[in-house]
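> This is a predicted model, with the sequence first.
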Amino acid sequence: MTVHRDIELDELYREIILDHYRNPRNRGSLDQPSATSEGDNPLCGDEVRVDLDIRDGRVFDVRFLAKGCSISQASASMMTEAIKGRSLAEVESLFETFKGMMYGADEVDMEALGDLEALQGVRKFPVRVKCATLAWNTLQGALEEFRKGQG
Ligand code: ZN
């Protein structure tokens, strides 16, 4: 019974990831981003760029461009969907929760993660964890750039 359920769950997760890979959300770039950052994962050849439009302490808009494997591209799409409209504090907290899941923290608030939970299967392939976290680390770079600009 449990085995069957796990297989179904894996299937569902795979569907979510493939859907983001095939139909990426928020792909492209912004004309006048508040902050931009680029990141790469040389181990796999993945490259990601993230553009943020930050207004009143919230992610008003976000776009990404990505080259590389399906996990890195799907993860970037999922990341943009997860952070759009959120306050910067919420984005930070989500990033911490996501990292916790990917690196096997003891307590992870899965409910906060929503569809991002689908990426937890990547943990079985440690070398791919960097693919899944690339967009988030790049996002972090953009947020740092934004804060420097503010200060
Ligand atoms: Zn990759």
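Sure, I can see it.

> mind listing what's buried in the helix or strand hosting Ser72?
Assessed by DSSP states H and E, Ser72 sits inside helix 70-83. Neighbour counts over helix 70-83 (16 or more other CB atoms under 10 Å) mark 71-83 as buried. (Glycine included, C-beta is placed from N, CA and C.)

> now swap in stretch 44-57 and tell me
Result for stretch 44-57 [16+ other CB under 10 Å]: buried residues Cys44, Asp46, Glu47, Val48, Arg49, Val50, Asp51, Leu52, Asp53, Ile54.

> Can you spell out which residues form a bridge with the second one?
In this structure, Asp46 has the following beta-bridge partners (DSSP bridges): Asn41.

> about what we covered before: pLDDT averaged over the next helix or strand after the helix holding Ser72, what's the number?
Downstream of helix 70-83, the next assigned helix or strand under DSSP H and E is helix 88-102. In this model, helix 88-102 has an average pLDDT of 96.

> Stretch 140-151 now?
92.

> Please compute how far the helix-or-strand element of the chain with minimal mean pLDDT lies from its chain's middle.
Least confident helix or strand of the chain, by mean pLDDT, DSSP states H and E, is helix 2-22 with a mean of 81. Distance of helix 2-22 from its chain centroid, counting by CA atoms, centre = their mean, to the nearest Å, is 18 Å.

> Just name the closest of the buried residues of helix 70-83 to the ion, please.
Ser72 (4.3 Å; CB to the ion).

> mind listing what the closest one touches?
With contact taken as CB atoms under 8 Å, 6 or more residues apart in numbering, Ser72 is in contact with Asn41, Cys44, Asp46, Val48, Ala66, Cys131, Ala132, Leu134, Ala135.

> Under a three-state scheme, what state does the last one occupy?
Classification of Ala135 using DSSP: H, G, I helix; E, B strand; the rest coil returns helix.
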